[in-house]
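Asks: Quick one: sequence and predicted model below, then my questions.
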Amino acid sequence: MNDVPQNFVDNELYFDVQRFLFAEASLLDRRQYDRWVKLLADEIHYAVYVAVSREVSAEPVEYAIVDEGAVGLRSRIDQLSNSKLTRAENPASQTRRFISNIEATSDSNSTEVQVVSNLLLYRGRPSIEANSFYVGERQDLLRKNGVGWLIVRRAVRLDHTTILDGALSVLL
Amino acid sequence: MLDEKRSNYEWVDVERGLVSREIFVSDEVHGLEIERIFERNWIFLAHETEVPNTGDYVTRMLGSAPVIVVRDADGSIKALLNSCRHRGAKVCRTDSGTARNFVCPYHGWTYERSGKLITTTFDKHFPSGFDFGEARLPAVPRLEVHKGLVFGSWNEDVAPLTDVLGDIAWYIDPFLSRTAGGMEVLAPPHRWRAKANWKVGALNFVGDSQHILTTHVGPLTLDPVRAARAGFATAAENSFQVTTDQGHGCTLTYLAPGLPEDAYQTHPQDILPLYDKILSGKQRTLLDRLRVIVGTIFPNLSFIETQVGPAQKAVIIRQWQPINGTEMEVLSWVLAEKEATAEYKATVLKNGFHNFGAAGVFEQDDLELWASATFASNNSISKRFPYSFHTALPYIDAPETDPHWPGRVFKPSDTEVAQLEFMRHWDRCMKSNAD
């Protein structure tokens, strides 16, 4: 790489961020939502984008299919985590999130880190004996919080133009 | 040749309120539907605000055929078969774009936006006297626009769109065109696949009030962006279903009395005066205290206007595109008034998708249950037991005698009348269009 950004985080910080992302993914895979929401900043913004298939020379077009602040995200989680309130997640999807290709940058003296990573989410639906994958790029903004981190912003850009497993009831 | 008698039951038995499971899972029936319904009827293609400028195009399906929907220089919209006359390559391989003309990437055959062949780039090798005029990109022979909705038909002889829409236009116009500027789409269509037959979606939207409190118990209990949650549990007595002769139908659910006054401010207050300039009389009062209208324009275009926040309504149109007997692709558009503020549109789009869409808190539960119904229905044992539409029976022959509204009006709004009438019309089309 010839154009290395000046603000790549150092190795120690990199592993700290990676460890956080893996632990956070594990909470979601184990459906430990109460612990997961504690990792969200008050001003959390969570969005999922889908692109439209366009000519390479044409202006790209994308749109958000999920666009939530704290209140909207909370209501989604309340629904997913309550067996009486969800059909799509009762029985629960079996998920396994793979986070890779992580890169983290941060301006010096900043408590915030920008993270880009790849997401591969396996999703099994036992009720209809089906499984699928969601794939995309995550762009996160993390803020240092004591020894841990808070997620301030997460944007997932899916590598799908049509959502092939239409009941997208899992968090990406 | 598929024989409905093999399935032990008629496809649609209106007298007994029974509908065969076979037609919700069969690839053979799907093939017949494509011929007898999707190639004969008016089918939704796009909203005209998706192709605002000359050369703008989107690619869609008309039945099983891929088409390009393009705005031509004279302002008209055209729809062309998206398959080159030479060797069939897709002329447009993207969802949307802008084109001066259409050049096939395979051998360079070039077409005008009207579909007229400009050159094959090897014209000199064609036999003398070859009719290049005939070798055009086939146009969808009929294309008409109703209040921004672009419909096409492969059937040259289909009756005018206005006639086919009939009475349902009176109901959809107050949602599709209620300000001088009309509605516009707020984003490209959201697309997803559902493991269910297209008719499952069409029926759900034409009039399935009975699933609301059970399937959607989650968002109804939780949803913080909804305005009149207290009023959701009971529909007002004046709620009703509508069916029409052309197979269309809808359900209007009104807010119950006795709610706090602000619950009845269902629409944005600054835009409401604009409605008064376009709508009058009963079409205008249709909107008062309306909690939700949901409906289906036969065969596969549905619409819903739903509360997404205090004084915020999302108008969503969506198409259930048949893929095969057990799968559909759903396309969903969120609309808002052109005159609305950018902020209102952004909120409507965001909240619209919060509720409806692949990740929508309403939709995800529908999709799960439809998939499970498909999974459990698609075997020879299950097919011995037709689906129940019994709660249509006490009402289907007794529409309101003095209805005040066009079409056939039925009360109460939580029966299966609209659904059974949709299936009756489906059956009529399948039988009358049989060769």
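Replies: Good, I have the coordinates.
Asks: what separates residue B:193 from residue B:127, distance-wise?
Replies: Applying Cβ to Cβ, to the nearest Å, the value for residue B:193 to residue B:127 is 45 Å. All C-beta spots, glycine's among them, are computed from the backbone N, C-alpha and C.
Asks: who's more crowded, those two?
Replies: Legend: neighbour count by other Cβ atoms under 10 Å in any protein chain shown for residue B:193 and residue B:127, higher for residue B:193 (20 against 5).
Asks: what pairs with the more buried one across the strands?
Replies: In this entry, residue B:193 is beta-bridged to residue B:329, by DSSP bridges.
Asks: need the contact list for it.
Replies: Taking Cβ atoms under 8 Å, 6 or more residues apart in numbering or on different chains, we find residue B:193 in contact with A:162-166, B:323, B:327-330.
Asks: next one: residue B:319
Replies: Taking Cβ under 8 Å, 6+ apart as the criterion, residue B:319 is in contact with B:44, B:189, B:300-302, B:330-332.
Asks: And the strands in chain A, which stretches?
Replies: For chain A, the strands defined by DSSP state E occupy A:40-51, A:62-68, A:94-105, A:112-125, A:130-145, A:148-158.
Asks: Now mean pLDDT, mean neighbour count and distance to chain B too, for these, in a markdown table please.
Replies: Converted to a markdown table, the strands of chain A look like this (pLDDT from 0 to 100; neighbours: other Cβ atoms under 10 Å in any protein chain shown; distance: least, Cβ to the nearest Cβ, whole Å):
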| stretch | mean pLDDT | mean neighbour count | distance to chain B |
| --- | --- | --- | --- |
| strand A:40-51 | 98 | 18 | 7 |
| strand A:62-68 | 97 | 20 | 4 |
| strand A:94-105 | 98 | 15 | 14 |
| strand A:112-125 | 97 | 18 | 8 |
| strand A:130-145 | 97 | 17 | 7 |
| strand A:148-158 | 98 | 20 | 10 |
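Asks: export those strands to CSV and tack on distance to residue B:413?
Replies: CSV is the format used below for the strands of chain A (distance: least, Cβ to Cβ, whole Å):
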stretch, distance to residue B:413
strand A:40-51, 34
strand A:62-68, 30
strand A:94-105, 39
strand A:112-125, 33
strand A:130-145, 34
strand A:148-158, 37
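Asks: I'd like to know which of those is closest to residue B:121.
Replies: strand A:40-51 (32.2 Å; Cβ to Cβ).
Asks: So for the nearest residue to residue B:81 once chain neighbours are set aside, what's the pLDDT?
Replies: Nearest non-adjacent residue to residue B:81, counting by Cβ to Cβ, 6 or more residues apart in numbering or on different chains: residue B:138, 4.3 Å away. What the model reports as pLDDT for residue B:138 is 97.
Asks: How many residues are close by residue B:138?
Replies: If you count neighbours by other Cβ under 10 Å, residue B:138 ends up with 15.
Asks: now residue B:432
Replies: If you count neighbours by other Cβ under 10 Å, residue B:432 ends up with 9.
Asks: Can you read off the backbone torsions of it?
Replies: The phi/psi pair for residue B:432 (degrees, to the nearest 10) reads phi -80, psi -20.
Asks: can you tell me how far it sits from chain A?
Replies: Taking Cβ to the nearest Cβ, to the nearest Å as the measure, residue B:432 falls 33 Å from chain A.
Asks: rewinding a little: let me know whether the residue nearest to residue B:81 touches residue B:80 as I believe.
Replies: Yes: judged on Cβ atoms under 8 Å, residue B:138 makes contact with residue B:80 at a distance of 6.8 Å.
Asks: could you give me the average pLDDT of stretch B:147-162?
Replies: Averaged over stretch B:147-162, pLDDT sits at 98.
Asks: which parts of it are buried?
Replies: B:147-155, B:158, B:161 (16 or more other Cβ atoms under 10 Å in any protein chain shown).
Asks: what distance separates that stretch from the centre of its chain?
Replies: 14 Å (Cα atoms, centre = their mean, to the nearest Å).
Asks: How about stretch B:32-43?
Replies: Distance of stretch B:32-43 from the chain centroid (Cα atoms, centre = their mean) equals 14 Å.
Asks: Could you do stretch B:151-166 as well?
Replies: On the basis of Cα atoms, centre = their mean, stretch B:151-166 is displaced by 15 Å from the centre of the chain it belongs to.
Asks: contacting residues around it?
Replies: Applying Cβ under 8 Å, 6+ apart, the contact partners of stretch B:151-166 are B:39-45, B:62-63, B:65, B:67, B:69, B:79, B:140-146, B:169, B:172, B:244-246, B:248, B:297, B:407.
Asks: Buried among these? Need that as a selection in PyMOL.
Replies: What follows is the PyMOL syntax selecting those of the contacts of stretch B:151-166 that are buried according to 16+ other Cβ under 10 Å:
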select buried, chain B and resi 39+40+41+42+43+44+45+62+63+65+67+69+79+140+142+143+144+146+169+172+244+246+248+297+407
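Asks: what residues are up against residue A:167?
Replies: With contact taken as Cβ under 8 Å, 6+ apart, residue A:167 is in contact with A:88, A:125, B:194, B:358, B:363-364, B:367-368, B:371.
Asks: List just the nearest of these to residue B:29.
Replies: For those, the nearest to residue B:29 is residue B:194 (17.5 Å; Cβ to Cβ).
Asks: Who are the contact partners of the closest residue in space to that closest one that isn't next to it in sequence?
Replies: Computed as Cβ to Cβ, 6+ apart, the closest residue to residue B:194 that is not its neighbour in sequence is residue A:166, at 4.6 Å. Each residue near residue A:166 by Cβ under 8 Å, 6+ apart is listed here: B:192-195, B:330, B:358, B:367.
Asks: Show the backbone phi and psi for residue A:166.
Replies: Torsion angles at residue A:166 (phi, psi; degrees, to the nearest 10) stand at phi -60, psi -30.
Asks: how much space between it and residue B:130?
Replies: 47 Å.
Asks: do the same with residue B:297
Replies: Distance, residue B:297 to residue B:130, using Cβ to Cβ: 42 Å.
Asks: Could you pull up the residues touching the residue lying closest to residue B:257 once chain neighbours are set aside?
Replies: In this structure, residue B:257 finds its nearest non-sequential neighbour in residue B:236, 6.6 Å apart by Cβ to Cβ, 6+ apart. Counting by Cβ under 8 Å, 6+ apart, residue B:236 touches B:253-257, B:289.
Asks: which two from these end up farthest apart in space?
Replies: Greatest spatial distance among those (Cβ to Cβ): B:253 and B:257, at 13.7 Å.
Asks: Neighbour count for those two, which is higher?
Replies: Between residue B:253 and residue B:257, counted using other Cβ under 10 Å, residue B:253 has the larger neighbour count: 23 against 12.
Asks: Please, which helix or strand holds that one?
Replies: Applying DSSP states H and E as the criterion places residue B:253 in strand B:249-254.
Asks: From the contact counts, what lies against that strand?
Replies: Here strand B:249-254 touches helix B:168-176, helix B:198-207, strand B:240-243, strand B:290-297, helix B:417-432, going by 3 or more Cβ pairs under 8 Å, 6 or more residues apart in numbering or on different chains; DSSP states H and E.
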